[in-house]
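> need coordinates for the following:
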Amino acid sequence: MIKSSLVIQADHIQRHYMDGGQPVEVLRDVNLHVKTGEMVAIVGASGSGKSTLLHVLGLLDQPSAGSLTVAGQPAERLSESKRSLIRNRHLGFVYQFHHLLPEFTALDNVAMPLIVRGIDRPAARQQAEQLVEQVGLAQRALHYPSQLSGGERQRIALARALVTRPDCVLADEPTGNLDRETAQSMFSLLQTMNQELGIAFVIVTHDPVLAALAHRQLNMEQGILHGC
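A predicted model of the protein is given here:
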């Protein structure tokens, strides 16, 4: 069930970069409202601005113009420490490449956001164990990323994104580096986590099968988001 409260409210977002002294528009008047528990898929050609939009929504990049509210908190003019705090408490991230820390076990990778939050290591690991089990990898918890398959690493990355029980997970091509069978498994897991935990997802994907699972499919074309 999709609730009415908004997790992300982006209005008239613009983003441009300077190239040789000339502004290059990447996002043009983007509007996107994401409700609690909603799964939104954003599709579009490479270079259309999808990843830049995720970076703005995730407070990793600042818009050139427009307003952004995350979990009820206006994001304009926030200090970097405050932006980091909002990211840690309200957002989760999954990328095409897992970005796991190679020197830590799968379990400790999942626990890391909680440790960063200030939770002591034993308690963080206990909470992480629950997520590792939920993504079906309890038996691999003490393995290092180099000992895991690509699909297993992505599952651990998803568990890490979910361990803080964020309001929204931002996923950039989460199945783009996986074979079809493994991607299908990841699709099912994303859908299950969305339904069971009530966490919103904004997913950038080229895969029409994954996009079809979402409550809404939006199209990004030359920096303009259609169908929002």
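
> next, the closest residue to residue 134 other than its chain neighbours: phi, psi?
Here the nearest residue to residue 134 in space, its sequence neighbours aside, is residue 159; by C-beta to C-beta, 6 or more residues apart in numbering that works out to 7.1 Å. Yep, even glycine has a C-beta here, placed from its N, CA and C like the rest. Backbone torsions of residue 159, given as degrees, to the nearest 10, read phi -60, psi -40.

> next, count neighbours for residue 159.
Other residues near residue 159 come to 29 when the count uses other C-beta atoms under 10 Å.

> what's the separation between it and residue 171?
For residue 159, the distance to residue 171 (C-beta to C-beta, to the nearest Å) stands at 13 Å.

> which element, helix or strand, includes the closest residue in space to residue 184 that isn't next to it in sequence?
Sequence neighbours aside, residue 209 is the residue nearest to residue 184 in space, at 7.5 Å (criterion: C-beta to C-beta, 6+ apart). Element membership of residue 209 [criterion: DSSP states H and E] is helix 208-212.

> identify, by residue count, the longest helix of this protein.
Taking DSSP state H as the criterion, the chain has its longest helix at helix 180-197.

> got a list of contacts for that one?
Applying C-beta atoms under 8 Å, 6 or more residues apart in numbering, the external contacts of helix 180-197 come out as 37, 39, 134-136, 149-151, 154-155, 158, 162, 165, 171, 174-175, 178, 199-201, 203, 207, 209-210, 213.

> what about 7 Å?
39, 135, 150-151, 154-155, 158, 162, 174-175, 178, 199, 201, 207, 209-210, 213 (C-beta atoms under 7 Å, 6 or more residues apart in numbering).

> and the helices in the protein?
50-57, 80-90, 106-117, 121-134, 150-162, 180-197, 208-212.

> would TSV of these with mean pLDDT and distance to residue 223 be doable?
Converted to TSV, the helices of the chain look like this (pLDDT from 0 to 100; distance: least, C-beta to C-beta, whole Å):
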stretch	mean pLDDT	distance to residue 223
helix 50-57	90	8
helix 80-90	85	23
helix 106-117	90	31
helix 121-134	89	35
helix 150-162	86	26
helix 180-197	78	26
helix 208-212	81	19
